[in-house]
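*Asks:* Turn this into a model:
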Amino acid sequence: RSTLPGGMKLALVPKKTRGDTVTGTLRLNLGDEKSLFGHAVTADLLGDMLSRGSTKLNRSDLSAKLDELKTHMSISAGGQTVTVRFDTLRKHLPEVLQLVHDALRQPAFAASEFEMVVKENLAQIDNHRNEPQGLGSQAVNKAMDVYRPGDVRATLSFDELAARLKAAKLDDLKRFQSQFYGADHAELALVGDFDATAVQTQVQTLFGNWKSKSAYQRLVSLPRTPKPGETTLQAPDKANAFYLAALPLALKDDMPDYVPMVLANTVLGSGAKSRLFDRLRQKEGISYGAGSALSVSTFEAVGMLKLYAIYAPQNLDKLKTSVREELNRFVQEGVTEQELLDAKKSLQEERKIARAQDTALASGLLGQLATGRTMAFAERIDELIEKTTLAEVNAALRKHIDPAQFMHVYAGDYAGAGKKSANPQ
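*Replies:* Modelled structure (predicted):
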């Protein structure tokens, strides 16, 4: 690991790989709460534009060049970050790093591409506003939003987002790139077959003197409060319905309850033998897919537990009953010894597989650069997974999970399902 004179942090892991492959992830960190205020849509659109050509190569030429180099490259942006991911070969790495430089520092800003990006984003909104999953996710995100309007993290309604997309100007993107982009707070993780010295020299040449005109300060996540209750949304003419529930948690990934809650979530809905999937899919046969997801912050005690399911709208009442019963049983009876053993095995296998994949390793290293951690933290988590007791898991889940505090959202064609039930063919 090293830090370039200009401020970019590097995590380089050179090693022999099958096929001489190299995987890289580069992240730019931009601005602060005040300077980014009101720029959410601009930041997102600019991210979409970066893979559509530079001043050296237009979109089609860039695509052809990546094919020639047998390279996959993706660029995403939103809020305070811009992330570039690429997979290439050792012999092509210098050219790929140059392409990354050109995309970030010299975007083409073609008017025709900008118009296309706006149209594609508007089409995506129209699709989401008519789909159960889009409606459900939007409702939960809006209800859980704790940021004031204008904050880059604030959730926009479909109409608000569409209006801002229509009002966006290409010059806004140009100003944003000029004002905020820079590598003085960037991180680069590289894993695979490459010459570390040569890479460090090239990266210094490409990005070493590139400084943002705006000061950077990491955005601090604000705590959320539960929003208990039910919301039902109509999605006409859709065969499948979508269920989403959310419960905010005061949890961080270095707190004592973190690993016990990860194990509890594995039993509840994220593991191969999860209770939600077993009840809704295997036993009841009312869901095409069901589970849970736990997310927590590395920096603040801000987390979220979500439950989800895809099902036929006529099974709404059955779904509600089954989820309610499973949540209550989960908290009242807790996890069993066998479930804990299965969860530990599943989790350790997932982590082992992830560390064997260069893409996941590069992503993990990037996170460590941001937090100042090392692989010792990951090893500590492995130890805790192994040592965590049944009592600790059950105490943690009962402390953090209150079934009555979940927000439940159901989106589907319930009116249509009711008519079909009343008038069977």
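
*Asks:* can you map out the helices along the stretch 101-250 of the chain?
*Replies:* Counting by DSSP state H, counting those that start in this stretch, residue ranges of the helices within the stretch 101-250 of the chain are 111-130, 132-144, 158-167, 170-180, 196-207.

*Asks:* Give me the buried stretch members for the longest one, please.
*Replies:* By neighbour count, and taking 16 or more other CB atoms under 10 Å as the criterion, the buried residues in helix 111-130 are Glu113, Phe114, Val117, Val118, Asn121, Ile125, Arg129. In short, each C-beta sits where N, CA and C put it, glycine included.

*Asks:* Can you list the neighbours in contact with it?
*Replies:* The contact list for helix 111-130, computed with CB atoms under 8 Å, 6 or more residues apart in numbering, reads 44-45, 48-49, 52-53, 59, 134-135, 137-138, 158, 161-162, 165-166, 168, 170, 173, 235, 238.

*Asks:* Flag the helix or strand of this protein with the lowest per-element mean pLDDT.
*Replies:* When each helix and strand of the chain is scored by mean pLDDT, DSSP states H and E, helix 414-422 comes last, with a mean of 75.

*Asks:* Over to the residue nearest the centre of the chain. Which of the three states is it?
*Replies:* Geometric centre of the chain, nearest residue: Ser295, 9.6 Å, by CA atoms, centre = their mean. Per DSSP: H, G, I helix; E, B strand; the rest coil, the local secondary structure of Ser295 is strand.

*Asks:* So it sits against Gly303, correct?
*Replies:* Yes: counting by CB atoms under 8 Å, Gly303 is a contact partner of Ser295 at 6.1 Å.

*Asks:* Okay, and the beta partners of Asn58?
*Replies:* Gly53 (DSSP bridges).

*Asks:* That one: neighbouring residues, count only.
*Replies:* By other CB atoms under 10 Å, 16 other residues sit near Asn58.

*Asks:* Make TSV out of the buried residues of helix 111-130 and add pLDDT.
*Replies:* As requested, those are exported to TSV (pLDDT from 0 to 100):
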residue	pLDDT
Glu113	97
Phe114	98
Val117	97
Val118	98
Asn121	97
Ile125	97
Arg129	93
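
*Asks:* Look at the closest residue to Asp237 other than its chain neighbours and report its pLDDT.
*Replies:* Once flanking residues are discounted, Asp237 sits nearest to Asp413: 6.0 Å by CB to CB, 6 or more residues apart in numbering. Asp413 carries a pLDDT value of 96.

*Asks:* Asp413: what's it in contact with?
*Replies:* By CB under 8 Å, 6+ apart, the residues touching Asp413 are Gln234, Ala235, Pro236, Asp237, Lys238, Ala239, Ala241, Pro313.

*Asks:* These: which two are farthest apart?
*Replies:* Using CB to CB, these span at most 14.2 Å, a distance reached by Gln234 and Ala239.

*Asks:* more neighbours, those two?
*Replies:* The neighbour count for Gln234 versus Ala239, taken as other CB under 10 Å, is higher for Gln234 (15 against 11).

*Asks:* Skipping its backbone neighbours, what lies nearest the more buried one in space?
*Replies:* Spatially, and ignoring its direct neighbours in sequence, Gln234 is nearest to Ala415 (5.9 Å; CB to CB, 6+ apart).

*Asks:* same thing with Glu325?
*Replies:* Using CB to CB, 6+ apart, the nearest residue to Glu325 is Arg279, at 7.9 Å.

*Asks:* Please tabulate the contacts of Asp413 in a markdown table, including the columns pLDDT and distance to Gln200.
*Replies:* Below are these laid out as a markdown table (pLDDT from 0 to 100; distance: CB to CB, whole Å):
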| residue | pLDDT | distance to Gln200 |
| --- | --- | --- |
| Gln234 | 96 | 57 |
| Ala235 | 95 | 52 |
| Pro236 | 95 | 57 |
| Asp237 | 95 | 57 |
| Lys238 | 95 | 52 |
| Ala239 | 94 | 54 |
| Ala241 | 97 | 53 |
| Pro313 | 96 | 57 |
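
*Asks:* Any of those buried? List them.
*Replies:* Applying 16+ other CB under 10 Å to those flags Ala235, Lys238, Ala241, Pro313 as buried.

*Asks:* about what we covered before: so which of the helices of the stretch 101-250 of the chain comes closest to Ala356?
*Replies:* When these are compared by CB to CB, helix 196-207 sits nearest Ala356, at 21.0 Å.

*Asks:* about what we covered before: quick one: buried ones out of the contacts of helix 111-130?
*Replies:* Buried by 16+ other CB under 10 Å: 44-45, 48-49, 52-53, 59, 134-135, 137-138, 158, 161-162, 165, 168, 170, 173, 235, 238, out of those.

*Asks:* Ala186: neighbour count?
*Replies:* Using other CB under 10 Å, the number of residues around Ala186 comes to 28.

*Asks:* so how far is Ala163 from the closest residue to Leu397 other than its chain neighbours?
*Replies:* Distances taken as CB to CB, 6+ apart place Ala264 nearest to Leu397, at 4.1 Å, with adjacent residues excluded. Distance, Ala264 to Ala163, using CB to CB, to the nearest Å: 42 Å.

*Asks:* These two: who's more crowded?
*Replies:* Per other CB under 10 Å, whichever of Ala264 and Ala163 has more neighbours is Ala264, with 31 against 13.

*Asks:* need the contact list for that one.
*Replies:* Val335, Val393, Asn394, Ala396, Leu397, Ile401.

*Asks:* Quick check: pLDDT value at it.
*Replies:* Confidence at Ala264, expressed as pLDDT, is 98.

*Asks:* Quick check: it vs Pro223, distance?
*Replies:* Counting by CB to CB - Ala264 and Pro223 are separated by 21 Å.

*Asks:* Would you mind confirming that Lys252 is in contact with Val259?
*Replies:* No: between Lys252 and Val259 there is no contact, the gap being 11.9 Å when judged by CB under 8 Å.

*Asks:* higher neighbour count, these two?
*Replies:* Per other CB under 10 Å, whichever of Lys252 and Val259 has more neighbours is Val259, with 25 against 17.

*Asks:* Local confidence estimate at the nearest residue to the more buried one once chain neighbours are set aside?
*Replies:* Leaving aside its chain neighbours, Val259 sits nearest to Leu384 (4.3 Å; criterion: CB to CB, 6+ apart). Leu384 carries a pLDDT value of 97.
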